[in-house]
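A.B. asks: Got a predicted structure here, sequence first:
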Amino acid sequence: MKSTSFAPSWALCSTLLAIPQLATAFYLPGVAPTSYKHGDKVPLYVNSIKPVAGQDALLHSVMSYDYYNEMFQFCQPEGGPKYVSESLGSILFGDRIMTSPFDLSMQKNETCKKLCTSKYDTAAAHFVNKRIMQGYALNWLVDGLPAGQHLLDDLTGTTFYSPGFAMGTVSTTDPDGPTFFNNHYDIVVEYHKVNGKEDQLRVVGVIVQPASKAYKGDNLECNDNQTPPVVLLETEGAQTEVTFTYSVYWTESPTAWATRWDKYLHVFDPKIHWFSLVNSAVVVIFLTITVASVLFRALKKDIARYNRLDQINLEDFSGATDLEDGVQEDSGWKLVHGDVFRTPAHPLLLSVFLGNGAQLFVMTGFTICFALLGFLSPSNRGSLGTIMIILYTLLSFVGGYVSARVYKSMNGEKWKLNIGLTPLLVPGIVFTTFFFLNLFLWANGAAGAVPFTTMLVIIGIWFIISIPLSVSGSWLGFRAPAFEPPVRTNQIPRQIPPATTYLKPIPSMLLVGILPFGAIFVELYFIMSSIWFSKIYYMFGFLFLCYGLMIITCAAVTVLMVYFLLCAENYHWQWRSFLAAGMSAGYIFANALIYLISKLSLGGLSGTVLYIGYSALLSFLFFILTGSIGFFSSWWFVNKIYRSIKID
Ligand SMILES: *[C@@H]1O[C@H](CO)[C@@H](O)[C@H](O)[C@H]1NC(C)=O
């Protein structure tokens, strides 16, 4: 029964989800396959050490560390580790990729190779044990593929690869008891022969099975299961010696290179996913149709009545009593025609927000479309972040243009301030918050901190590309004609009668904001787990649909609110529509706080500050985005309805 009810949407969605496969027909720079021959060196790179959910399914930290942080004392390659060049987006998203001492040669099995021996004093032992308790995982990359663990999804019975593997384990008998530090790695690399050719071997899967083995002296028996585990002693003056070893096994796999990521992009519980998507789609469509039909009928009646009154007015101006009655009946939104296009309070701030909102709107739309078309391959690390930065920078032009045009239409006079604030205010708030959160990471010595040079690059991009583009957009926007309102504005503002409870600012914001939030709620959950639990997010088909649903909901409910507002003779629709639609960001922030309580157990001030800081930053951007959607749809609506009535 369930499967049949899903059928139509399933077909649509699988079409959308199938689009990425088209892109595999051609290769993008950086994601072309590498072919190896027997015995060729295959590099293994190490990435920053990130926390993942512990056995209790809670996340205990949000900070990542450099692989070669001196506290961990992991073995270094000869001549010291070197950075592997990365894209800006990859660095911003916390990747720090470096060379490693592992020696992998295609099709050459190795057993119990020794890497190095490290000594852990009390402080280092305490540090490492704490990280093991918090569930930190090592992240390696072999030929661009993350080394993962082979996991079984209990729900669907399918197996998948989860990127990263544990740095150690906590004793199962006593959760506060000893932690076992992994010092041996069984690396299984799957390779594929292209058309069965021996000289075209490609890496299509990497699994690492870590183990903890306290070797006695030089006796490296890494296949002996009886070896006791390594415990780093924290007692005063203790020195624990640990020898690191690894084995490499090459196995042939039928998986082709083009589909090698499929096992990593595992969708948990797709049924729930589909169910909630279809669910919210039905609700949204139902809501929109209701709004549209109610509005359409009410408006048709209103407009017909207003225009009829108008005609009576023209034909018979001798002043019959029933005409008088008719004029008195004239109530509702027509009454405020002389005020509805009155310049709102703080037009400068509103226009700057709207310009930035338009910029974010176009950027998000383009990014999701690029992702949907498969341009953001997961092997191109950080491509999502990079493309977002590039688009955001280039679209400053749109931001400047929209901001200027809106400001001009609101009869703004401080045009210099508008030109200056558009590229400075919102990006400035974002950058300052980002900078202070980064100071926090620096103070904690975490690798998630963006290097100072990267900060300079960002400032450079902002000032050299983004600001000039925005200014030229503003220049064009100010030269373009202002939008002429369809009705004239009176000299003297009308009195606004007191509003009913639900039309008061706060209740109306709470009511309007919850619906767009409802449309993206499920997807948001997956995005948050991909951000905080470092899972790969690749459900752009879902995201695309949800984004569309959110836009429609946002526009529909805001327009409805504006209609009620105007009927109540309140003409302050500009800020009200912006704030009401933007309120969905308030729900997103509240949701993030609930997530903090239910899924995270950070247990420290700095982790909590970081989490709340980043959530607030993202909510702020979302506020501007949805607020602008609400405003522009209301603007369109108000123009439309006042254009259709005759006013003498
Ligand atoms: C390497 O190890 C794998 C897994 O144990 C095995 O299937 C394969 O035959 C071995 N290859 C060689 C060349 O020994």
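C.D. replies: Looks like it came in fine. Numbers count the residues shown, from 1 in each chain.
A.B. asks: How about the residue in the stretch 51-200 of the chain that the ligand sits nearest to: what's its closest non-neighbour residue?
C.D. replies: Ranked by C-beta to the nearest ligand atom, the top residue of the stretch 51-200 of the chain for proximity to the ligand is residue 109, at 3.7 Å. Every residue, glycine included, has its C-beta placed from N, CA and C. Distances taken as C-beta to C-beta, 6 or more residues apart in numbering put residue 249 closest to residue 109, at 5.5 Å, once the chain neighbours are dropped.
A.B. asks: What residues of the helix or strand hosting that neighbour count as buried?
C.D. replies: Using DSSP states H and E, the element containing residue 249 is strand 240-252. Across strand 240-252, burial judged by 16 or more other C-beta atoms under 10 Å covers 240, 242-248, 250.
A.B. asks: With distance to the ligand as added columns, please give the residues you listed in CSV.
C.D. replies: Output for the buried residues of strand 240-252, formatted as CSV (distance: C-beta to the nearest ligand atom, whole Å):
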residue, distance to the ligand
240, 31
242, 26
243, 23
244, 21
245, 16
246, 14
247, 9
248, 8
250, 5
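A.B. asks: Tell me which two of the residues you listed sit farthest apart.
C.D. replies: 240 and 250 (32.9 Å; C-beta to C-beta).
A.B. asks: Do I have it right that residue 180 meets residue 166?
C.D. replies: No. Contact between residue 180 and residue 166 fails when scored by C-beta atoms under 8 Å: they sit 9.7 Å apart.
A.B. asks: and residue 63, how far is that from residue 606?
C.D. replies: Distance from residue 63 to residue 606, counting by C-beta to C-beta, to the nearest Å: 7 Å.
A.B. asks: Return the backbone torsion pair for the closest residue to residue 168 other than its chain neighbours.
C.D. replies: Among residues not flanking residue 168 along the chain, residue 132 sits closest, at 3.6 Å (C-beta to C-beta, 6+ apart). Phi and psi for residue 132, reported as degrees, to the nearest 10, are phi -70, psi -40.
A.B. asks: I figured residue 132 hits residue 169, correct?
C.D. replies: Yes. Residue 132 lies in contact with residue 169 (C-beta under 8 Å); the separation is 7.2 Å.
A.B. asks: Show me what from the chain comes close to the ligand.
C.D. replies: 107, 109, 249-251 (C-beta under 6 Å from any ligand atom).
A.B. asks: out of the residues you listed, which one sits closest to residue 186?
C.D. replies: Nearest to residue 186 among the residues of the chain next to the ligand, counting by C-beta to C-beta, is residue 249 at 7.0 Å.
A.B. asks: Specify the local secondary structure of residue 113.
C.D. replies: Under DSSP: H, G, I helix; E, B strand; the rest coil, residue 113 falls in the strand class.
A.B. asks: Now do the contacts for it.
C.D. replies: By C-beta atoms under 8 Å, 6 or more residues apart in numbering, the contact list for residue 113 reads 103, 245-248.
A.B. asks: can you list contacts of stretch 77-97?
C.D. replies: 45-48, 50, 64, 66-68, 98-101, 141, 380-389, 447-448, 450-451, 454, 457-458.
A.B. asks: What residues sit buried inside that stretch?
C.D. replies: 77, 81, 84, 86-97.
A.B. asks: and what of stretch 108-124?
C.D. replies: For stretch 108-124, by 16+ other C-beta under 10 Å, it's 113, 115, 118, 120, 122, 124.
A.B. asks: can you check stretch 194-212 too?
C.D. replies: Residues 201-208, 210-212 are the ones in stretch 194-212 that count as buried (16+ other C-beta under 10 Å).
A.B. asks: and it, how far from the chain's centre?
C.D. replies: Chain-centre distance of stretch 194-212: 32 Å, with C-alpha atoms, centre = their mean, to the nearest Å.
A.B. asks: That one - what's its average pLDDT?
C.D. replies: Averaged over stretch 194-212, pLDDT sits at 89.
A.B. asks: Now the element after the lowest-mean-pLDDT helix or strand in the chain, going C-ward?
C.D. replies: In the chain, no helix or strand scores lower on mean pLDDT, DSSP states H and E than helix 2-23, which sits at a mean of 39. Downstream of helix 2-23, the next assigned helix or strand under DSSP H and E is strand 44-51.
A.B. asks: what about the residue in the stretch 401-550 of the chain positioned nearest to the ligand, how many residues close to it?
C.D. replies: Nearest residue of the stretch 401-550 of the chain to the ligand (C-beta to the nearest ligand atom) works out as residue 536 at 26.6 Å. Residue 536: 14 surrounding residues under other C-beta atoms under 10 Å.
A.B. asks: Residue 497: what's it in contact with?
C.D. replies: Residue 497 neighbours (C-beta under 8 Å, 6+ apart): 568-570.
A.B. asks: Highest neighbour count among the residues you listed?
C.D. replies: residue 570 (21 neighbours).
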